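K.L.:
give me the fold of what follows.
(2 chains)
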There are 2 protein chains.
Amino acid sequence: MKVKIGQVQMHITEDKDQNLERAGNLIDEAVSKGADIVVLPEMFNCPYKSSFFVEFAEMKGEKTYSFLSKKAEEHKIYLVGGSIPEKTKKNKIYNTAFVFDRNGKQIGRHRKTHLFDIDVKGRQTFKESDTLTPGKSITVVETEFGQVGIMICYDIRFPEFARMTIEQGARMIIVPGAFNMTTGPAHWEMIFRARAVDNQVFMIGTAPARDVENFYVSYGNSIIVSPWGDILNRLDGEEEVMVTEIDLDEITRVREELPVLKQRRTDLYR
Amino acid sequence: MKVKIGQVQMHITEDKDQNLERAGNLIDEAVSKGADIVVLPEMFNCPYKSSFFVEFAEMKGEKTYSFLSKKAEEHKIYLVGGSIPEKTKKNKIYNTAFVFDRNGKQIGRHRKTHLFDIDVKGRQTFKESDTLTPGKSITVVETEFGQVGIMICYDIRFPEFARMTIEQGARMIIVPGAFNMTTGPAHWEMIFRARAVDNQVFMIGTAPARDVENFYVSYGNSIIVSPWGDILNRLDGEEEVMVTEIDLDEITRVREELPVLKQRRTDLYR
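P.N.:
Numbering: from 1, shown residues only, chains lettered A, B, ... in the order given. Below you'll find the predicted structure:
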């Protein structure tokens, strides 16, 4: 079974309406190139900075959510709405990916589960937990293309997490993410390839475009990797839409040839 | 704390005595370059082919075991004896790594736990389970440099396994292994880097040299990777000894800067 994946690597500004307009135009472009599933980057409506998470946060059903639902319905596509700062009635803020089907109906919601708190001396520090609350579950959504795992950025650093999504049947894992200019060159490609090969799934990472003047500089490099670990398509730092056709039957072939998933020694693992 | 790791990438022939002699000379060379821990490749005394596993199998204490113990004692080094086909009283054969301390005393034994049964159409097939029995435990040995995890080749494809060794305190994981000319270029480097970065340990892979005329052609490419995922040293396909000084304090630094091991959501993982 073949499916076309559209990935929107976009610039993100301090003007929310401008971000939505830009996302809308780039979604249109992905659709014009035949995408069945379109993926936006992490925090696509909001600059990646703690103070903006608070200022830009919305509740489910509000402006950004409504925009995404309508876009999915308008184009009859699956839409993984990157992520946005999601506010709850209890006034908590999550880093949340809402997922919509071809009718604009929400079919999934992933709240980033592993918050990004790092301190690489003299190079990169960030503390999401200053403002955000972590989610508490893995997310696998059902589509006409089978189960799709959803993770957000830092979640991908935890191999247990990808394993759990494939145990629930995920055949591709979609990851809105924003690595930076320290961790990106060091780890981004390698981690996507490793999760793909270990779990024999397609891995899809979509990042904001690179803005070197920003507080947090996204590495970009949106990527899509096959179950054998081949990089099928990849961007650099610029704003760009990438549409890639993948063949899900490749999963079956790889899992037969190199049957690691059957060969796991679950009798030994704790 | 600094430690010098010696890796012996050697040709392996159908003459066991010649293999031991060659290994001995190359261990001597590693020692002359200052190695504290010397690592031999997988099946260093035996061609990688099922019929030879049966023919070359030895019991603990026999010729190869005794050779390794004496070499460790002679040079006052830690010696990870790659692996050999180990026969038991019940006539089972394991793919086994024996580990010796500076006095030539056995301090560890790892029996390959995940057997290598693959069938990549038209490229690479092998079925270890035709002749071998799988081990049933992870292996972490205690040294003056801290805990050292031991895995053999295919074991490295299972992220759960590396995780379990670091949960037991491993600061480096030593992997005698023989990827081939299909899986090697595709996955070898990436998997070593991924296990290093996910677990923030040094990863050390030692392979047989490449013999293109062999039934099973080893990729070679013995490698050593830092906890940040940097490749510190690496060979190509030729027979060669590589000695690399590593600083174990780097583990502490990386684990502070990018505290993924503390940030694991073990409350969510099954």
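K.L.:
and the stretch 51-200 of chain A, which residues reach chain B?
P.N.:
Within the stretch 51-200 of chain A, the positions adjacent to chain B are A:113-115, A:117-121, A:134, A:136-138, A:157-161, A:163-164, A:167, A:183, A:186-187, A:190-191, A:193-194, A:197-198 by CB under 8 Å from any CB of the partner chain. Every C-beta, even on glycine, is put in place using the N, C-alpha and C of the backbone.
K.L.:
host element of the closest residue to chain B within the stretch 101-250 of chain A?
P.N.:
Nearest residue of the stretch 101-250 of chain A to chain B, counting by CB to the nearest CB: A:Ala194, 3.4 Å away. Per DSSP states H and E, A:Ala194 falls inside helix A:189-199.
K.L.:
ok and that helix relative to helix B:189-199, angle-wise?
P.N.:
Computed by axes from the mean of the first three to the mean of the last three CA atoms, to 10 degrees, the angle separating helix A:189-199 from helix B:189-199 equals 100 degrees.
K.L.:
off-centre distance for helix A:189-199?
P.N.:
Between the mean C-alpha location of helix A:189-199 and the chain-wide mean there is a distance of 15 Å, by CA atoms, centre = their mean, to the nearest Å.
K.L.:
what does it contact?
P.N.:
Outside helix A:189-199, the residues that touch it by CB atoms under 8 Å, 6 or more residues apart in numbering or on different chains are A:156-157, A:159, A:162-163, A:165-166, A:173, A:175, A:201-203, A:205, A:221, A:223, A:225-229, A:231, A:234, A:260-261, B:157-159, B:187, B:190-191, B:193-194, B:197-198, B:229.
K.L.:
contacting residues around the nearest residue to A:Glu239 once chain neighbours are set aside?
P.N.:
Among residues not flanking A:Glu239 along the chain, A:Ala209 sits closest, at 4.2 Å (CB to CB, 6 or more residues apart in numbering or on different chains). Contacts were defined as CB under 8 Å, 6+ apart; by that measure A:Ala209 touches A:9-12, A:218, A:220, A:237-240.
K.L.:
one more time with 7 Å
P.N.:
For A:Ala209, the contacting residues are A:9-11, A:218, A:220, A:237-239, by CB atoms under 7 Å, 6 or more residues apart in numbering or on different chains.
K.L.:
next: A:Ile37.
P.N.:
Here A:Ile37 is in contact with A:3, A:5-6, A:77-78, A:80 (CB under 7 Å, 6+ apart).
K.L.:
and it, how far is that from A:Ile173?
P.N.:
12 Å (CB to CB, to the nearest Å).
K.L.:
buried residues in stretch A:257-266, which are they?
P.N.:
A:257-258, A:260-261, A:263-265 (16 or more other CB atoms under 10 Å in any protein chain shown).
K.L.:
show the subsequent helix or strand relative to the longest helix along chain A.
P.N.:
The longest helix of chain A (DSSP state H) is helix A:16-32. Using DSSP H and E, the helix or strand that follows helix A:16-32 in sequence is strand A:37-39.
K.L.:
list the residue ranges of the stretch 151-270 of chain A that fall below the pLDDT cut-off.
P.N.:
Residue ranges of the stretch 151-270 of chain A with pLDDT under 70: none are present.
K.L.:
ok, back up a step: just the ones of the contacts of helix A:189-199 in helices?
P.N.:
A:159, A:162-163, A:165-166, A:260-261, B:159, B:190-191, B:193-194, B:197-198.
K.L.:
circling back to that earlier point, could you restrict the buried residues of stretch A:257-266 to the ones contacting chain B?
P.N.:
On the criterion CB under 7 Å from any CB of the partner chain, A:257-258, A:260, A:263-265 are the entries of the buried residues of stretch A:257-266 that sit beside chain B.
K.L.:
narrow the residues of the stretch 51-200 of chain A next to chain B to just the buried residues.
P.N.:
The neighbour count (16+ other CB under 10 Å) marks A:113-115, A:117-118, A:120, A:134, A:138, A:157-161, A:163-164, A:183, A:186-187, A:190-191, A:193-194, A:197-198 as buried among these.
K.L.:
which stretches of the stretch 101-250 of chain A form strands?
P.N.:
In the stretch 101-250 of chain A, strands defined by DSSP state E, counting those that start in this stretch lie at A:106-111, A:117-120, A:124-127, A:139-143, A:146-150, A:170-176, A:202-206, A:223-225, A:231-234, A:240-247, listed in chain order.
K.L.:
so how far is the fourth one off the chain centroid?
P.N.:
In this case it means strand A:139-143. Its chain's average C-alpha position is 13 Å from that of strand A:139-143, according to CA atoms, centre = their mean.
K.L.:
buried sites along stretch A:10-25?
P.N.:
A:10-12, A:16, A:19-20, A:22-23.
K.L.:
only alpha carbons, please: show stretch A:97-104 as CSV.
P.N.:
Extracted C-alpha coordinates of stretch A:97-104, given in CSV (Å, rounded to 0.1, in the frame of the first residue of the first chain):
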residue,chain,number,x,y,z
ALA,A,97,-0.1,17.4,18.6
PHE,A,98,-3.7,17.2,17.4
VAL,A,99,-4.4,14.8,14.5
PHE,A,100,-7.4,15.1,12.1
ASP,A,101,-8.8,12.7,9.6
ARG,A,102,-10.1,13.5,6.0
ASN,A,103,-13.4,14.8,7.5
GLY,A,104,-11.6,17.2,9.8
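K.L.:
and that stretch, how far out from the chain middle?
P.N.:
Chain-centre distance of stretch A:97-104: 14 Å, with CA atoms, centre = their mean.
K.L.:
measure the closest residue to A:His75 other than its chain neighbours to chain B for me?
P.N.:
Spatial nearest neighbour of A:His75, excluding adjacent residues (CB to CB, 6+ apart): A:Val31 at 4.5 Å. Separation of A:Val31 from chain B (CB to the nearest CB, to the nearest Å) stands at 33 Å.
K.L.:
run a quick neighbour tally on A:Val31.
P.N.:
Number of residues near A:Val31 (other CB atoms under 10 Å in any protein chain shown) recorded here: 21.
K.L.:
wait, doesn't it sit right on A:Ile77?
P.N.:
Yes: with contact defined as CB atoms under 7 Å, A:Val31 counts as touching A:Ile77 (6.1 Å).
K.L.:
ok, the closest residue to A:Glu29 other than its chain neighbours to A:Met172 distance?
P.N.:
Excluding the flanking residues, the one nearest A:Glu29 by CB to CB, 6+ apart is A:Val241, at 4.7 Å. According to CB to CB, A:Val241 stands 19 Å off from A:Met172.
K.L.:
those two: which has the busier surroundings?
P.N.:
The neighbour count for A:Val241 versus A:Met172, taken as other CB under 10 Å, is higher for A:Met172 (26 against 22).
K.L.:
show me what contacts the more buried one?
P.N.:
By CB under 7 Å, 6+ apart, the neighbours of A:Met172 are A:148, A:201-202, A:204.
K.L.:
could those go into a markdown table alongside neighbour count?
P.N.:
Shown next, in a markdown table, are the contacts of A:Met172 (neighbours: other CB atoms under 10 Å in any protein chain shown):
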| residue | neighbour count |
| --- | --- |
| A:Val148 | 27 |
| A:Val201 | 27 |
| A:Phe202 | 25 |
| A:Ile204 | 27 |
